[in-house]
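# my questions concern the predicted model and sequence given below.
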Amino acid sequence: QSVLTQPPSVSGAPGQRVTISCTGSSSNIGAGYDVHWYQQLPGTAPKLFIYGNTNRPSGVPDRFSGSKSGTSASLAITGLQAEDEADYYCQSYDSSLTGLYVFGTGTKVTVL
Amino acid sequence: QVQLQESGPGLVKPSETLSLTCTVIGGSISSYYWNWIRQPPGKGLEWIGYIYYSGSTKYNPSLKSRVTISVDTSKNQFSLKVSSVTAADTAVYYCARTGGYNYWQYYFDNWGQGTLVTVSS
């Protein structure tokens, strides 16, 4: 049911920069609604990593940054570290039907 | 630091009703929206719905006919019921608190650890 599309996987060597895209439509990201990002380590609950497109909650390293343009958003990780290996999900509001909160398809980040 | 804790049966028979409770620990259930979100094994996240402490609700249209979310402020708890379950309802169910000021900005800033519910006879 995901209406936000992410690449299934991205990878990079330690220290490199990787980006994860989140592509939506005119009823969600393109309508101007905020995009948020979550990190999910294996066997654990998702954790909020970026909110309001670009804001980091306390405790999230500044290596993580978010951006949004048009119908897409991106999460960038600079200076990739082994501990960043996880699944990442974007999330937004969708105004179709009666409105609902939607997640991306998820991206597995692998540190080579 | 507010903690959320899900509880309920881990096994439900097909066609029966799934029932889970989320207890809010270390903080008040008042003044926030509270959500249920699920994740089938090996798959992505799906928002089920939310409830305000006053009792107002909003549900995912794809599940609305089978889902009921309720709140008990005296116990600092909110609950989920999903009726007529099938194997497709097998998932880890999370409760989560809403952050943000307006509905189009809402995100989930505090999550329970999740509980696996398996639908099987």
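Alright, I've got the coordinates.
# do you know how far A:Ser92 is from B:Ser28?
As for A:Ser92, its distance to B:Ser28 is 28 Å (criterion: CB to CB, to the nearest Å). Heads up, the C-betas are built off the backbone N, CA and C, glycines and all.
# more crowded one of those two?
A:Ser92 (28 against 11; other CB atoms under 10 Å in any protein chain shown).
# am I right that the more buried one falls within a strand?
Yes - secondary structure of A:Ser92 (DSSP: H, G, I helix; E, B strand; the rest coil): part of a strand.
# that one pairs with what?
Counting by DSSP bridges, A:Ser92 is bridged to A:Val102.
# next one: B:Phe78
Beta-bridge pairing for B:Phe78 (DSSP bridges): B:Cys22, B:Val71.
# got a list of what it touches?
Counting by CB atoms under 8 Å, 6 or more residues apart in numbering or on different chains, B:Phe78 touches B:21-22, B:24, B:29, B:34, B:51, B:69-72, B:95.
# please list only the buried members of those.
By neighbour count, with 16 or more other CB atoms under 10 Å in any protein chain shown, those hold B:21-22, B:24, B:29, B:34, B:51, B:69, B:71, B:95 as buried.
# turn these into TSV, including pLDDT.
Conversion of these to TSV gives the following (pLDDT from 0 to 100):
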residue	pLDDT
B:Thr21	98
B:Cys22	98
B:Val24	97
B:Ile29	94
B:Trp34	97
B:Ile51	97
B:Ile69	98
B:Val71	97
B:Cys95	98
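# what about the strands in chain A?
With strands called from DSSP state E, chain A shows them at A:9-12, A:18-23, A:36-40, A:47-50, A:64-69, A:72-77, A:86-94, A:100-103, A:107-111.
# kindly reformat the ones you listed as CSV containing mean pLDDT.
Output for these, formatted as CSV (pLDDT from 0 to 100):
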stretch, mean pLDDT
strand A:9-12, 98
strand A:18-23, 98
strand A:36-40, 98
strand A:47-50, 98
strand A:64-69, 98
strand A:72-77, 98
strand A:86-94, 97
strand A:100-103, 96
strand A:107-111, 98
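# in CSV: the ones you listed, plus distance to B:Trp111.
Below are the strands of chain A laid out as CSV (distance: least, CB to CB, whole Å):
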stretch, distance to B:Trp111
strand A:9-12, 24
strand A:18-23, 20
strand A:36-40, 9
strand A:47-50, 7
strand A:64-69, 18
strand A:72-77, 18
strand A:86-94, 12
strand A:100-103, 13
strand A:107-111, 19
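# among these, which comes closest to B:Ala87?
Evaluated with CB to CB, the strands of chain A place strand A:100-103 nearest to B:Ala87, the distance being 21.4 Å.
# so which other helices or strands are in contact with the closest one?
Packing partners of strand A:100-103 (3 or more CB pairs under 8 Å, 6 or more residues apart in numbering or on different chains; DSSP states H and E): strand A:86-94, strand B:46-52.
# what does chain B put close to chain A?
By CB under 8 Å from any CB of the partner chain, the part of chain B that sits against chain A consists of B:35, B:44-47, B:58, B:60-62, B:94, B:99-100, B:103-109, B:111-114.
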